[in-house]
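Enquirer: pasting the structure only:
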């Protein structure tokens, strides 16, 4: 009798042990499935977030701030556009805040902007470009930002300044004569998309605030808003590149307007 009881007790212990192992296995499989789903969802989210960056380089710049150079130009033909002034000033301030050397930034605009280094006229613009052309550092990074009226005359894009005009042919020649490891050209204004095919080239990102046929006023594209958005750093390298800022701003504009910026 005692033997039979012992056998039954042993059998019950073995059954409970088997059930425990099975439950643990199921629990582990469920946990693994949940982890897999979570990873899949995260991967899908990351792909969605980064898919727009596949065609352009967005990695953290390896160029030290001492070798980064910028030209910011706001040209007023008649009345001052406070919206464009604000965007130009905020970009200038953002670059300095992030570490760009103030001495390496040429900010040209009307006298009313106290932070400018000179008036946006023909001679000053030419000098700004020539200063970078004459800089022999080949590994430097260049950022050029222009806010101006732009349109197509006889199949050539023209930039208008208070004392003269600058054709896209001249701009293209200046760009070709520059040495750099990376160049970003940002064009704001009506029909700014005309600048894309005019200035695109190797090691260049050409960012236009709207398409070549668009005439949005005010121009709502603001690259500084993207640069200031931590979530725009989609590759998590600690620095929002101009391309990442572009995609952030394009996503924002899709929610508030029909204005569609372009990247070349």
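Expert: Cool, got the structure. Remember, predicted model here, so these are calculated numbers, not experimental data.

Enquirer: My read is that residue 260 contacts residue 253, right?
Expert: Yes: at 7.0 Å, residue 260 counts as touching residue 253 under the criterion of Cβ atoms under 8 Å. Every C-beta, even on glycine, is put in place using the N, C-alpha and C of the backbone.

Enquirer: who touches the residue lying closest to residue 161 once chain neighbours are set aside in this structure?
Expert: Nearest residue to residue 161, sequence neighbours excluded (Cβ to Cβ, 6 or more residues apart in numbering): residue 75, at 4.9 Å. By Cβ atoms under 8 Å, 6 or more residues apart in numbering, the residues touching residue 75 are 108, 109, 120, 146, 147, 148, 149, 159, 160, 161, 162.

Enquirer: Need the pLDDT of residue 75.
Expert: Looking at residue 75, its pLDDT reads 84.

Enquirer: Filter the contacts of residue 75 down to the ones in helices?
Expert: Using DSSP state H, no member of those falls in helices.

Enquirer: For these, name the two members farthest from one another.
Expert: Largest separation among the contacts of residue 75 by Cβ to Cβ: 108 and 149, giving 15.7 Å.

Enquirer: More neighbours: which of those two?
Expert: Neighbours were counted for residue 108 and for residue 149 using other Cβ atoms under 10 Å; residue 108 has more, 23 against 15.

Enquirer: how near is the nearest residue to that one once chain neighbours are set aside to residue 165?
Expert: Excluding the flanking residues, the one nearest residue 108 by Cβ to Cβ, 6+ apart is residue 120, at 4.0 Å. Using Cβ to Cβ, to the nearest Å, we find residue 120 at a distance of 13 Å from residue 165.

Enquirer: and these two? which has more neighbours close in?
Expert: More neighbours surround residue 120 than the other of residue 120 and residue 165, with 25 against 11 (other Cβ under 10 Å).

Enquirer: Now do the contacts for the more buried one.
Expert: So residue 120 contacts 73, 74, 75, 76, 108, 109, 110, 161, 162 (Cβ under 8 Å, 6+ apart).

Enquirer: correct me, but the fifth one touches residue 118?
Expert: Yes: with contact defined as Cβ under 8 Å, residue 108 and residue 118 form a contacting pair (5.3 Å).

Enquirer: which residues do the two both contact?
Expert: residue 124.

Enquirer: Would you map the helices across the stretch 101-250 of the chain?
Expert: Ranges of helices within the stretch 101-250 of the chain are 122-134, 168-176, 195-199, 223-227, 242-256, based on DSSP state H, counting those that start in this stretch.

Enquirer: tell me the mean pLDDT for the third one?
Expert: pLDDT averaged over helix 195-199 equals 91, rounded to a whole number.

Enquirer: Could you double-check that residue 191 lies in contact with residue 212?
Expert: Yes: applying Cβ under 8 Å, one finds residue 191 in contact with residue 212, separated by 5.5 Å.

Enquirer: Distance to residue 100 and mean neighbour count added to the helices of the stretch 101-250 of the chain, as CSV?
Expert: Formatted as CSV, those follow (distance: least, Cβ to Cβ, whole Å; neighbours: other Cβ atoms under 10 Å):
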stretch, distance to residue 100, mean neighbour count
helix 122-134, 14, 17
helix 168-176, 20, 16
helix 195-199, 22, 20
helix 223-227, 11, 22
helix 242-256, 12, 19
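
Enquirer: Nearest to residue 87, out of those?
Expert: Ranking these by proximity to residue 87 (Cβ to Cβ) places helix 223-227 first, at 6.6 Å.

Enquirer: Contacts for that closest one, please.
Expert: 87, 90-91, 94, 98, 145, 186, 207, 232, 240, 242, 244-249, 252.

Enquirer: That concludes my questions; thank you for your assistance.
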